[in-house]
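[1] Structure of the sequence below:
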Amino acid sequence: MSNAPLLEGIHHVKLPVSDLEKSLAWYRDHLGYQEVMHFVEEGVLMGIALAHPNGGPGFAIRLNPEVAAGARGFDFFAIGVPGEAAINALAAHLAAQGVAHNGVMRTPVGWLLSGITDPDGYDIRFYTVPLEIPEGGGLLVRES
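    Here you go, the predicted structure:
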């Protein structure tokens with residue numbers, strides 16, 4: 001039995017963005033996210049909470065151009081996709097919308113769709129779930 005505290009999932013992730021409307025449009029138009037809450041501070045829209053109608057993780061976008069510029073190219077999270085057929089369909093959907101990507105490739109832990117960037121240049125990745133643990137259950141070691 002573990003002495004670790006009881007936890008359950010991630011409550012939310014917050015992405016700093018340079019332009020709320022541009023980021024909202026990208027996540028809505030390309031991935032199907034919907035607005036669920038606005039965060040207004042001193043009369044100014046500063047953030048938007050997003051939810052996905054088909055099981056994608058919820059997250060928020062927060063206006064912070066300086067932080068967004070400094071995090072360009074970073075991958076804050078990877079979104080799970082339920083299986084190889086679904087990740088191939090996502091790749092085709094994005095390509096049909098003109099969203100460039102690296103295609104679907106096999107990794108030691110499942111299928112990966114990468115090479116996608118949002119309006120702030122964040123690296124958006126998709127992996128099939130559940131995670132495929134390598135035979136023997138050992139840790140993966142990745143050399144750079």
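[2] how much space between A89 and G47?
    Per CB to CB, to the nearest Å, A89 is found 31 Å from G47. To be clear about C-beta, it is placed using only N, CA and C from the backbone, and glycine gets the same treatment.
[3] neighbour-wise, which of the two wins?
    Here A89 and G47 are compared on neighbour count by other CB atoms under 10 Å; more neighbours surround G47, at 19 against 13.
[4] The more buried one: what's it in contact with?
    Residues in contact with G47 (CB atoms under 8 Å, 6 or more residues apart in numbering) are K14, L20, H38, F39, A60, I61, R62, L63.
[5] who wins for neighbours among those residues?
    Result: I61 is most packed of those (other CB under 10 Å), 28 neighbours.
[6] before we move on, back to that, please identify which of the contacts of G47 is nearest to A4.
    Closest to A4 out of those is K14 (24.7 Å), distances taken as CB to CB.
[7] what's across from that closest one in the sheet?
    A60 (DSSP bridges).
[8] for it, what are its contacts?
    Contacts of K14 by CB under 8 Å, 6+ apart are G47, F59, A60, I61, R62.
[9] Would you quantify the distance from the third one to A49?
    Spelled out, it's A60. Following CB to CB, the distance that separates A60 from A49 is 5 Å.
[10] anything in contact with each of those two?
    Shared contacts of A60 and A49, counting by CB under 8 Å, 6+ apart, come down to H12, F39.
[11] Can you give me the buried ones in the helix or strand D29 falls within?
    If you go by DSSP states H and E, D29 is part of helix 20-31. Neighbour-count burial for helix 20-31, with 16 or more other CB atoms under 10 Å as criterion, is recorded at L20, S23, L24, W26, Y27, H30, L31.
[12] Could I get the contacting residues of the closest residue to I87 other than its chain neighbours?
    Sequence neighbours aside, V81 is the residue nearest to I87 in space, at 4.4 Å (criterion: CB to CB, 6 or more residues apart in numbering). By CB under 8 Å, 6+ apart, V81 lies in contact with I87, L90, W111, L113, F126, Y127, T128, V129.
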